[in-house]
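>>> Sequence isn't available, so here's the structure alone:
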C-alpha cells in the first residue's frame, strides 16, 4: 500500500533572538551584511532547561489534535535529532511515555541532521509499504543553540531551534503519495560540520573545554559546533544538483512538472545558488528561514507547513524535497501533496 503524508505541525521556542540582539552583544559583527547574505533576521532559541524532546512532544500534541487521530493509532516513532536529551535512552522512547502512546509502538532515534526529514520519510514509507506499520510518527527536533559558542559568528547567526511532527500513513486509491527517493553519503566530509568532543572517541576534558579564537575572530572549543562553511557549500553545490537530476530521471519527470522545490533551509545564499545550479525556476523555491533561522532536520517540514498555511502549497501539487549536510549526507524525494 502506498504511503502519504497525513499532516505536519511545527513548534518553536518562545524566545526570539534578533539580529539587533546580536549586534548589541557583538558590536563588531556586521549584522546588516550577514542578514543580506543569509536571509535571516531572527531565530528561535530554547530556554536553558528546554530540550529537543520537549519541542517534539509539543509539536506532536498539536499534530494529533489537528488531525483528530488518537495516539493509539501510531505504530512507530522515528525521532530525528542531533541534540538528544540523553546519551540513552532515545528521545523516541521518552516521547512514547510522555504522550502515552501504545506500548506496541516501535521507537527509534536517527541523527543524520539536515537530511533527517527526507531520510525519515523514506524509512516511514518502507515501514508502511512493507506492512510493518500503518501510521508512522516522524519527529524532527533540534536545539543547535546548545552546541554553539556565543562568540562564534560563523554559526550563531545561522542556526535556530525548532521541531516538527509529521504523520505518515497509508494512501487510499487515487490519493497523493510519497514517490521516488535518492539518497547518498560521503563520510569524507565528516569533519566539515562537527562537534569534535563529547563522545567516546574524544571525551570531555579540561583540554577539550579550552577555548581558542580562529583567524576570523570566532571563538569555540572542541565541545562546540564547528562548521567549515566553504567545504559545506562546495559539497552542496556539487552533490545536490546531481541528486535532483537522478531523482527526476528515475521518475521520468521534467523540472517544469514540479510545483514547489522545498530544500533544507540552510541560508538564502545557499538556496539561491542551488536554484541556479539545479536550473530551477527561482519562483518555485520555498524560503522559510528569515524569522526562524536554520533549524536543521526540522527546516523542511516547517517550511512546508508555512507554505501550506500561506496558501502556496495546495492539494494536487507535486513537491521535490532535498536535505543535505552533516556527514556529508543528502536525500531527495518527490511528494504528491494532498
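The structure has been received and is ready for your questions. Note that the structure is predicted; figures quoted are calculated from it, not measured.
>>> Which residue is most remote from the mean position of this protein?
Relative to the centre of the chain, and counting by CA atoms, centre = their mean, the farthest-placed residue is residue 206 at 32.1 Å.
>>> if I've got this straight, residue 179 is in a strand?
Yes: assessed by DSSP: H, G, I helix; E, B strand; the rest coil, residue 179 belongs to a strand.
>>> and it, how many residues sit next to it?
Neighbour count of residue 179, defined by other CB atoms under 10 Å: 19. For the C-beta atoms, the positions are set from N, CA and C on the backbone; glycine is no exception.
>>> ok, the nearest residue in space to it that is not next to it in sequence to residue 118 distance?
With sequence-adjacent residues excluded and distances taken as CB to CB, 6 or more residues apart in numbering, residue 179 is closest to residue 334, at 3.5 Å. With distances taken as CB to CB, to the nearest Å, residue 334 is found 11 Å from residue 118.
>>> who's in contact with residue 289?
Applying CB atoms under 8 Å, 6 or more residues apart in numbering, one finds that residue 289 lies in contact with 38-40, 265, 267-268, 299, 303.
>>> do residue 321 as well
The neighbours of residue 321, taking CB under 8 Å, 6+ apart as the test, are 117-118, 121, 262-263, 300, 332-335.
>>> Please list the members of the residues you listed that lie in helices.
The helices, defined by DSSP state H, take in 117-118, 121, 300 from these.
>>> Now the two most distant members of the residues you listed.
Largest separation among the ones in helices among the contacts of residue 321 by CB to CB: 121 and 300, giving 9.3 Å.
>>> Which one's more surrounded, those two?
Set side by side, residue 121 and residue 300 show unequal neighbour counts under other CB under 10 Å, the larger going to residue 300 at 30 against 26.
>>> how close does that one sit to residue 319?
If you measure residue 300 against residue 319 using CB to CB, the figure is 10 Å.
>>> try residue 63
19 Å.
>>> Please apply the same query to residue 271.
15 Å.
>>> Next: residue 259.
According to CB to CB, residue 259 stands 7 Å off from residue 319.
>>> Overlap of the contact sets of the two?
Residues touching both residue 259 and residue 319 (CB under 8 Å, 6+ apart) are residue 313.
>>> Please work out how many residues are found near residue 269.
When neighbours are counted by other CB under 10 Å, residue 269 registers 14.
>>> how close does it sit to residue 164?
To residue 164, residue 269 is 24 Å away according to CB to CB.
>>> What are the phi and psi values at residue 140?
For residue 140, the backbone dihedrals are phi -120, psi 120 (criterion: degrees, to the nearest 10).
>>> Okay, and the beta partners of it?
Beta-bridge pairing of residue 140 under DSSP bridges involves residue 80, residue 164.
>>> Buried residues in the longest helix along the chain, which are they?
Ranked by number of residues, the top helix in the chain under DSSP H is helix 229-251. By neighbour count on 16 or more other CB atoms under 10 Å, the buried set for helix 229-251 is 229, 232-233, 235-236, 239-241, 243-244, 247-248, 251.
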